[in-house]
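[1] give me a model of this one.
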Amino acid sequence: MNTFFRTVLLSPALLLTLAVASPTHALAAPSASSDADYAAGTRAMNQQRWSDAIADFDKVINAHGRRADAALYWKAYSLNRLGNRQIAIGTCDQLLAQFPDSHWNRDCKALALDMHVQVNIPDIHVDPDIQVNPNVNVTPEFHFQMHSGHDDPNEDIKMLALNSLLRQDPAKALPILRNILADNKSSLGMKHRAIFILAQNKSPEAQSILHDAVIGKMDPGLQREAIQSMAVFEGKSANNTLAEVYRTTSDPEVKRAVINAFFITQDAPRMVELARSEKNLDMKRDIVSRLALMHDKAATDYMLELLSK
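    I've put the predicted structure just below:
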């Protein structure tokens, strides 16, 4: 058994994948309704069958059922009970992205505090007219960084006003956002908010600014933030651009941001392509660890391919 197999494949993440993506689960008939899946998930939790609970709640989430927000919380809870704290936090981020007004966000924040991890629930909400891509799975590294202890206390008000202005008069708002991103005096938190706001807006100029950040025309920290935001709001349609970023960058953190973005959009085939071509074992390990958490045939087939070597 080679070193890569021992260090990557025999991991808790892979064991979780093999538990919930086994042939029995893959061949099971779909539940009659997401309510039935939700009930099955709660029964599994009561019996401390945490992997089964995650699989059931994933069905509710993927079906966009009426209890999808609750399912995301209980999925995070179950992940935490399995010891996957960072993935649990990522699931809380997904809840926040897709259901910003859900009361389950408070429960996720309490769960995070219980894990001694700070989850930043923003004071600025996603534009109600903008839909977060429903087929995304937000990663542990993607947090809405809306607060900083050194920020101007008026920044929240300024950004709320700017978000409103962007909806009403983009021609006036977009130059302000561009200046915020270019100004060295702007706080990092304010720049992150600007990226978050831009990612919601589908105007060509807003997308052009976001694209500049994604391809590295701004500082690396903003590039990583822009990559994650583009994945959340654009889904798989962003992945050709992100694949080119991965191919051309030499920054390992930017590469990891792209890997996370593909995980967000659940693009397992693209991640398998990256894993097969990646020569850096640490980077390949990161890709495989993400694939090990995906309920996708391409991911499962690749795991079997690695096992056969």
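[2] pLDDT weak spots in this protein?
    Counting by pLDDT under 70, the low-confidence segments of the chain come to 1-32, 86, 114-153.
[3] break it down into its structural domains.
    31-121, 128-266 (automatic domain parsing).
[4] mind putting those domains in CSV, mean neighbour count included?
    Every C-beta, even on glycine, is put in place using the N, C-alpha and C of the backbone. Below are the domains of the chain laid out as CSV (neighbours: other C-beta atoms under 10 Å):
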stretch, mean neighbour count
domain 31-121, 19
domain 128-266, 18
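[5] where do the strands sit along the chain?
    With strands called from DSSP state E, the chain shows none.
[6] what residues are up against the closest residue to Asp52 other than its chain neighbours?
    Leaving aside its chain neighbours, Asp52 sits nearest to Ala44 (4.1 Å; criterion: C-beta to C-beta, 6 or more residues apart in numbering). Going by C-beta atoms under 8 Å, 6 or more residues apart in numbering, Ala44 touches 50, 52-53, 56.
[7] inside helices: which ones of those?
    Members of these lying in helices (criterion: DSSP state H): 50, 52-53, 56.
[8] tabulate the residues you listed (a markdown table), appending distance to Arg276.
    Below are the ones in helices among the contacts of Ala44 laid out as a markdown table (distance: C-beta to C-beta, whole Å):
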| residue | distance to Arg276 |
| --- | --- |
| Trp50 | 31 |
| Asp52 | 31 |
| Ala53 | 33 |
| Asp56 | 32 |
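[9] got the contact list for stretch 68-80?
    34, 38, 41-42, 45, 50-51, 53-54, 57-58, 60-61, 65, 85, 87-89, 91-92, 94-95, 98-99, 102, 104, 107-108, 111, 115.
[10] of those, which belong to helices?
    Those of these lying in helices (DSSP H): 34, 38, 41-42, 45, 50-51, 53-54, 57-58, 60-61, 85, 87-89, 91-92, 94-95, 98, 104, 107-108, 111.
[11] for Gly278, what are phi and psi?
    No, residue 278 isn't Gly; it's Glu. phi -70, psi 130 (degrees, to the nearest 10).
[12] what residues are up against it?
    Per C-beta under 8 Å, 6+ apart, neighbours of Glu278: 284, 287.
[13] kindly provide the distance from it to Gln223.
    Distance, Glu278 to Gln223, by C-beta to C-beta, to the nearest Å: 20 Å.
[14] re earlier: let me know the closest of the ones in helices among the contacts of Ala44 to Asp286.
    Trp50 (24.1 Å; C-beta to C-beta).
[15] tell me the contacts of that closest one?
    Trp50 sits in contact with 44, 78-79, 81-82, where contact means C-beta under 8 Å, 6+ apart.
[16] is it possible to export the residues you listed to CSV including distance to Lys236?
    CSV is the format used below for these (distance: C-beta to C-beta, whole Å):
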residue, distance to Lys236
Ala44, 30
Ser78, 27
Leu79, 24
Arg81, 31
Leu82, 28
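[17] and of these, the nearest to Phe196?
    Of the contacts of Trp50, the one sitting nearest to Phe196 (C-beta to C-beta) turns out to be Leu79, at 24.7 Å.
[18] pretty sure Leu165 contacts Leu174?
    No. If you go by C-beta atoms under 8 Å, Leu165 and Leu174 don't touch, sitting 9.5 Å apart.
[19] can you tell me how far the closest residue to Ala238 other than its chain neighbours sits from Ala268?
    Nearest residue to Ala238, sequence neighbours excluded (C-beta to C-beta, 6+ apart): Met230, at 4.5 Å. According to C-beta to C-beta, Met230 stands 19 Å off from Ala268.
[20] then Gly235?
    From Gly235 across to Ala268, the span is 14 Å (C-beta to C-beta).
[21] do the same with Ala88
    Ala88 is 21 Å from Ala268, by C-beta to C-beta.
[22] now swap in Ser164 and tell me
    On the measure of C-beta to C-beta, Ser164 and Ala268 end up 38 Å apart.
[23] go on, Arg290?
    On the measure of C-beta to C-beta, Arg290 and Ala268 end up 9 Å apart.
[24] would you confirm that Leu96 contacts Cys108?
    Yes. Under the criterion of C-beta under 8 Å, Leu96 makes contact with Cys108 at 7.3 Å.
[25] what sits against Met230?
    So Met230 contacts 199, 210, 214, 238, 241-242, 261 (C-beta under 8 Å, 6+ apart).
[26] show me the contacts for Glu225.
    Per C-beta under 8 Å, 6+ apart, neighbours of Glu225: 145, 191-192, 195-196, 213.
[27] for these, which one is nearest Met159?
    Checking the contacts of Glu225 one by one against Met159 (C-beta to C-beta), the nearest turns out to be Phe196, at 9.0 Å.
[28] correct me, but that closest one touches Ser229?
    Yes. Counting by C-beta under 8 Å, Phe196 does reach Ser229; the two are 5.9 Å apart.
[29] tell me the contacts of Asn46?
    Counting by C-beta under 8 Å, 6+ apart, there are no residues that Asn46 touches.
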